[in-house]
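Visitor: A structural model of the following input is requested.
(one chain, ligands or ions: 2)
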Amino acid sequence: MIKIVHMNVNGTDVELGVDECESLTDTLRNRLGLTSVKKGCEAGECGACTILLDGKSVNSCIYLTVWADGHSILTVEGLEHNRGELHPIQQAFVDEAAIQCGFCTPGLVMTGVEIANSGKTYTRDELRELISGHLCRCTGYENILNALEKVLGKK
Ligand code: FES
Ligand code: FES
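Guide: Residues are numbered from 1 along each chain as shown. Ligands and ions are numbered 1, 2, ... in the order given. Below is the predicted model of the structure:
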């Protein structure tokens, strides 16, 4: 059954008719062209599809679009602001060479943004725990932790 959904996506109000079984990943990628949202496991296991929903990280592959009615969504595309400058989390990933194939990167960046928005600082072990929902096949995680620690670590 098709339902009308109203969401704010990256600062823009959208109205869409969606199948009530459609995942938020599919809506964001296929209907709105937001291909930073990756399809990995599609089972809530890898974190590649992570977006922020009202500021909280969500695995969009196991979140139905109809549940997002009335909510705000942020993806990596929505971080492109401030005269084209990268978000500090994105810049840290570049500076610390925390990206190889890049498939896990958008999800990790969005979790990093969520952590940054908490306004707190964290130890490396706490950061390791906070990103434990993300799988990366390439980096061994150390450069990712270096990047996050650079922005979010205890001074
Ligand atoms: S694609 Fe959503 S958690 Fe893996
Ligand atoms: S950089 Fe390839 S999966 Fe993380």
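
Visitor: so Ile51 sits in a helix?
Guide: No - Ile51: not assigned to a helix; according to DSSP: H, G, I helix; E, B strand; the rest coil it is strand.

Visitor: read off the pLDDT value for it.
Guide: Ile51 carries a pLDDT value of 98.

Visitor: and what of Thr12?
Guide: On the pLDDT scale, Thr12 gets 96.

Visitor: tell me what it is bridged to.
Guide: Judged by DSSP bridges, the bridge partners of Thr12 are Val9.

Visitor: what about Glu22, distance to Ala43?
Guide: According to CB to CB, to the nearest Å, Glu22 and Ala43 sit 16 Å apart. From N, CA and C alone the C-beta is placed, and that goes for glycine too.

Visitor: can I see the domain layout of the protein?
Guide: Following automatic domain parsing, one gets these domains for the chain: 2-79, 88-152.

Visitor: let me have those domains in TSV, adding distance to ligand 2 and mean neighbour count as columns.
Guide: What follows is those, written out as TSV (distance: least, CB to the nearest ligand atom, whole Å; neighbours: other CB atoms under 10 Å):
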stretch	distance to ligand 2	mean neighbour count
domain 2-79	8	18
domain 88-152	3	18
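
Visitor: export those as CSV, with columns for distance to ligand 1.
Guide: Formatted as CSV, the domains of the chain follow (distance: least, CB to the nearest ligand atom, whole Å):
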stretch, distance to ligand 1
domain 2-79, 3
domain 88-152, 8
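
Visitor: now do the helix or strand containing Lys3, average pLDDT.
Guide: Assigned by DSSP states H and E, Lys3 belongs to strand 2-9. Strand 2-9 shows a mean pLDDT of 98 in the predicted model.

Visitor: show me what it is packed up against.
Guide: Where contact means 3 or more CB pairs under 8 Å, 6 or more residues apart in numbering; DSSP states H and E, strand 2-9 is packed against strand 12-19, strand 72-74.

Visitor: what's the angle between the longest one and strand 2-9?
Guide: Between the axes of strand 12-19 and strand 2-9, defined by axes from the mean of the first three to the mean of the last three CA atoms, to 10 degrees, the angle is 160 degrees.

Visitor: beyond strand 12-19, next helix or strand please.
Guide: The helix or strand immediately downstream of strand 12-19 is helix 24-26, counting by DSSP H and E.
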